[in-house]
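K.L.:
Based on what follows, work out the 3D shape:
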Amino acid sequence: MKNYTGLVLLLEEDYYVAPDVITILQMMNHLKKKDCKDCRMLTAGNYDKTQSYSINSGKVELGHWISSRHNMGMAFNRDLWKDIKKCTSEFCNFDDYNWDWTLQHLSMKCIPDKVKVMKMKATRVFHIGECGVHHKGKNCQPDNKKKQIETQLHSNKQHLFPNVLSVGGQSKFKLRDPKPNGGWGDKRDRELCLSFAKGQV
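P.N.:
Below you'll find the model as predicted:
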């Protein structure tokens with residue numbers, strides 16, 4: 001990827017993606033060049049409890065990148081990566097075990113002009129990992145979640161692969177610098193983190 005300057009999509013192991021996610025990201029990247037030149041992050045997913053594909057399938061929302069709202073299905077290019085890399089020391093020494101909260105801290109304190117985002121109003125990325133550290137309930141059945149998502153996508157298949165994307169609003173959420181949650185104070189973790197950035201392009 002040495003000379004690659006296009007988009008990189010970050011997906012975690014417990015994400016489920018809609019069949020048009022790649023097409024959507026290509027369309028978002030095209031729309032960004034036309035209607036939001038200062039958007040540096042594209043987010044294909046969202047955490048909205050209700051999803052209206054019939055209304056929002058081809059609509060995006062613009063705003064400042066907020067880790068708890070815009071961390072699912074993030075895509076960005078080498079220019080943003082270079083700005084993140086310039087903030088390596090700040091990233092590796094911020095005492096929070098959440099990489100996305102740390103990235104929001106960088107957006108507030110280190111990356112120029114705060115990171116602006118273009119987010120799909122009808123999600124193309126779903127979180128199915130209901131087990132593990134953040135799981136509060138007693139039942140742990142990711143297969144049930146997967147079936148729910150497949151049913152939802154099947155019932156909205158006519159709204160996937162829209163012909164055009166357009167801006168459908170601005171995010172009203174207030175941007176703030178997160179307080180560190182801890183869990184990243186061990187010197188060995190910080191030194192390992194710093195070592196990853198050495199020699200990276």
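K.L.:
tell me, how many neighbours does the closest residue to residue 4 other than its chain neighbours end up with?
P.N.:
Leaving out its chain neighbours, the residue that sits closest to residue 4 by Cβ to Cβ, 6 or more residues apart in numbering is residue 78, at 7.2 Å. Using the backbone N, CA and C atoms, a C-beta is placed for each residue, glycine as well. Neighbour count of residue 78, defined by other Cβ atoms under 10 Å: 16.
K.L.:
swap in residue 38?
P.N.:
A total of 10 residues lie near residue 38 under the criterion other Cβ under 10 Å.
K.L.:
same question, the one 5 residues further on
P.N.:
For residue 43, the tally of surrounding residues (other Cβ under 10 Å) stands at 28.
K.L.:
This structure: helices as residue ranges?
P.N.:
With DSSP state H as the criterion, the chain has helices at 21-35, 53-56, 67-70, 78-86, 88-93, 99-109, 142-155, 187-197.
K.L.:
Quick check: buried residues in the fifth one?
P.N.:
Of all the residues in helix 88-93, those buried under the rule 16 or more other Cβ atoms under 10 Å are 88, 91, 92.
K.L.:
Could I get the contacting residues of residue 64?
P.N.:
107, 114, 115, 116, 117, 171, 173, 175 (Cβ atoms under 8 Å, 6 or more residues apart in numbering).
K.L.:
10 Å instead, please
P.N.:
When contacts are counted by Cβ atoms under 10 Å, 6 or more residues apart in numbering, residue 64 touches 41, 70, 104, 107-108, 113-117, 170-171, 173-176.
K.L.:
quick one: which of the helices of the chain is nearest residue 12?
P.N.:
Residue 12 lies closest to helix 99-109 among the helices of the chain, at 10.3 Å (Cβ to Cβ).
K.L.:
circling back: so how far is residue 172 from the residue nearest to residue 4?
P.N.:
Using Cβ to Cβ, to the nearest Å, we find residue 78 at a distance of 31 Å from residue 172.
K.L.:
can you check residue 119 too?
P.N.:
Taking Cβ to Cβ, one finds residue 119 at 13 Å from residue 172.
K.L.:
More neighbours: which of these two?
P.N.:
The neighbour comparison of residue 119 against residue 172 (other Cβ under 10 Å) goes to residue 119, with 28 against 7.
K.L.:
how about the more buried one, what does it touch?
P.N.:
28, 39, 41-46, 48, 59-63, 65-66, 69-70, 72-74, 169, 171.
K.L.:
now swap in residue 108 and tell me
P.N.:
Contact analysis of residue 108 by Cβ under 10 Å, 6+ apart lists 64, 114, 115, 175, 176, 177, 178.
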